[in-house]
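> Sequence first, predicted coordinates after that:
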Amino acid sequence: MTNLDPRSLIAMAGFMAAMMALVLYFMRRYYPPSIHGIGHWTVAPLMWLVATVLFSGRGVFPDLLSLVAANTLLLLGTTAYYIGCRRFLGHGGGWGLWGGIAALSALLFTWLTYVHPNYPMRLGSFTGLMICVYAANLRFLLRHGGNRFPVRLVEVVLVLHVAVLLVRLASTLLGKAGSDLMEPSLYQTLYVGAYVLTVLMLSIGAVLMATDRLTTELQHLATHDALTHTLNRRALLERFEDELVRYARTGRGPAIMMLDLDHFKTVNDTLGHQHGDAVLVHFVQSTQAVLRRGDRLGRYGGEEFMVLLPETDLDAARSVAQRIHTAAASGHALDCQLSIGVTTWQGPGDTLDAMLARADKALYQAKAQGRNQTCTA
């Protein structure tokens with residue numbers, strides 16, 4: 001273990017950083033722009049790669065590059081990864097504070113290399129700064145990252161590497177830092193080996209987080225209407241089927257509402273399709289505001305919508321319909337009138353097709369009786 005050459009481990013870290021930077025670069029090019037942070041995650045292993053090249057050039061490159069610039073780039077790469085996590089989760093900021101700290105650290109490393117050469121102090125300062133950046137990223141992910149596996153993986157990697165850095169800092173304070181990074185000692189081998197694994201695992205964590213987000217977005221696109229962001233017809237019918245199976249066991253069935261915006265074609269023909277789209281979006285927003293937490297709204301097609309009301313009898317369904325009518329005519333410039341057909345579950349023998357037929361019949365009855373009203377079946 002102690003005979004392992006730190007240069008070989010550093011070269012391995014550089015190779016891994018180069019491969020992961022390439023993967024993240026192509027992800028940034030081909031993944032949807034709605035997935036933020038990939039660009040920062042791409043920059044991070046690139047900085048780590050350049051840092052490893054400079055570290056490996058000790059004795060060939062001047063100390064300004066192989067010591068000062070290398071340490072600063074490692075710190076900046078770790079900062080870029082942290083900023084990438086912030087951007088990925090929809091948060092800004094970060095560069096002002098940590099970029100300023102990285103700039104000041106470059107001055108500190110220069111001082112401890114040229115003015116007052118002191119390897120243990122330089123090592124301790126760098127280790128302490130890395131612990132701070134990792135800890136900031138860990139704290140942020142624990143507060144905002146949720147429970148998805150890729151985020152948890154990154155959190156575990158951060159915890160483990162912070163532990164390694166704390167051991168390294170403690171050994172430095174105890175006078176066991178050694179005399180040089182390239183010294184083939186047990187401490188240096190363990191630290192550089194941990195760094196190699198951290199570069200790899202953090203990059204893999206970034207790939208997994210972005211891929212998990214892409215999967216989530218694709219699932220959303222497959223089940224939601226692109227304009228109104230409500231459930232689409234297929235997803236809504238699947239949800240209805242699932243609810244009917246559950247209610248067949250519990251004996252407490254749902255109500256179904258079919259909603260159709262009155263004279264919507266006239267709106268499109270006279271005011272244009274963009275105005276019509278705005279009416280649909282506003283209608284969905286105002287309707288969702290008055291629905292109960294468990295209710296499900298979906299776009300059935302065109303200007304026709306459906307609502308699933310779990311465990312709801314006819315009187316309660318009429319009450320919900322009245323709230324929707326009130327919300328749809330509240331006085332906003334995009335408000336509209338609508339007709340609603342309502343039906344309720346009629347026992348274990350009832351089916352989705354039968355409920356849809358009754359709701360549709362009630363809807364056309366509302367239209368035939370003058371529109372802008374609710375009928376039941």
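Received the coordinates, thanks.
> Now do residue 74, the pLDDT please.
With respect to pLDDT, residue 74 scores 93.
> ok, so what distance separates the nearest residue to it once chain neighbours are set aside from residue 76?
Spatial nearest neighbour of residue 74, chain neighbours left out: residue 51 (4.6 Å); criterion: C-beta to C-beta, 6 or more residues apart in numbering. Every residue, glycine included, has its C-beta placed from N, CA and C. Applying C-beta to C-beta, to the nearest Å, the value for residue 51 to residue 76 is 9 Å.
> So the residue nearest to residue 74, which state does it fall into?
Assigned by DSSP: H, G, I helix; E, B strand; the rest coil, the conformation of residue 51 is helix.
> wait, it sits on residue 80?
No. Counting by C-beta atoms under 8 Å, residue 51 does not reach residue 80; the two are 11.9 Å apart.
> More neighbours: those two, which one.
Legend: neighbour count by other C-beta atoms under 10 Å for residue 51 and residue 80, higher for residue 80 (27 against 24).
> Doesn't the more buried one belong to a helix?
Yes. According to three-state DSSP, residue 80 belongs to a helix.
> So it sits against residue 40, correct?
Yes. Using C-beta under 8 Å, residue 80 is in contact with residue 40, at 4.9 Å.
> Next up, the contacts around residue 90.
residue 36 (C-beta atoms under 8 Å, 6 or more residues apart in numbering).
> Kindly state the pLDDT recorded for it?
93.
> could you measure it against residue 213, distance?
11 Å.
> residue boundaries of the helices in the stretch 51-200 of the chain?
63, 70-88, 95-110, 119-144, 149-173, 186-223 (DSSP state H, counting those that start in this stretch).
> Return the most buried member of those.
With neighbours defined as mean count of other C-beta atoms under 10 Å, the helices of the stretch 51-200 of the chain peak in mean count at helix 70-88, which reaches a mean of 24.
> so what does that helix touch, helix or strand wise?
Packed against helix 70-88 by the contact rule (3 or more C-beta pairs under 8 Å, 6 or more residues apart in numbering; DSSP states H and E) you find helix 38-56, helix 95-110, helix 119-144, helix 186-223.
> Tell me where the stretch 101-250 of the chain is predicted with low confidence.
177-186, 248-250 (pLDDT under 70).
> Residue 260 should be in a strand, yeah?
Yes. Checked against three-state DSSP, residue 260 lies within a strand.
> got a list of what it touches?
303-305, 338-340, 363, 367.
> how about residue 362, what does it touch?
Applying C-beta under 8 Å, 6+ apart, the residues near residue 362 are 258, 340-343, 375-377.
> Need the three-state assignment for it.
Strictly by three-state DSSP, residue 362 counts as helix.
> likewise residue 346?
Secondary structure, three-state DSSP: residue 346 is coil.
> Please report how far it lies from residue 377.
From residue 346 to residue 377 the distance is 10 Å (C-beta to C-beta).
> The two: which has the busier surroundings?
residue 377 (17 against 12).
> How about residue 327: what's its closest non-neighbour residue?
That would be residue 286: by C-beta to C-beta, 6+ apart, it lies 4.2 Å from residue 327.
> my read: the one you found touches residue 326, true?
No. Shown here, residue 286 and residue 326 do not form a contact pair, counting by C-beta under 8 Å, at 9.3 Å.
> quick one, which of the two is more surrounded?
Ranked by neighbour count (other C-beta under 10 Å), residue 286 and residue 326 place residue 286 first, with 19 against 11.
> Next up, the contacts around that one.
Applying C-beta under 8 Å, 6+ apart, the residues near residue 286 are 327-328, 330, 332, 335.
> Try it again at 10 Å.
Applying C-beta atoms under 10 Å, 6 or more residues apart in numbering to residue 286 gives the contacts 324, 326-330, 332, 334-336.
> Follow the chain on from the one helix or strand it maps to and name the next helix or strand.
Under the criterion of DSSP states H and E, residue 286 resides in helix 273-290. Tracing the chain past helix 273-290, the next element assigned as helix or strand by DSSP H and E is strand 296-301.
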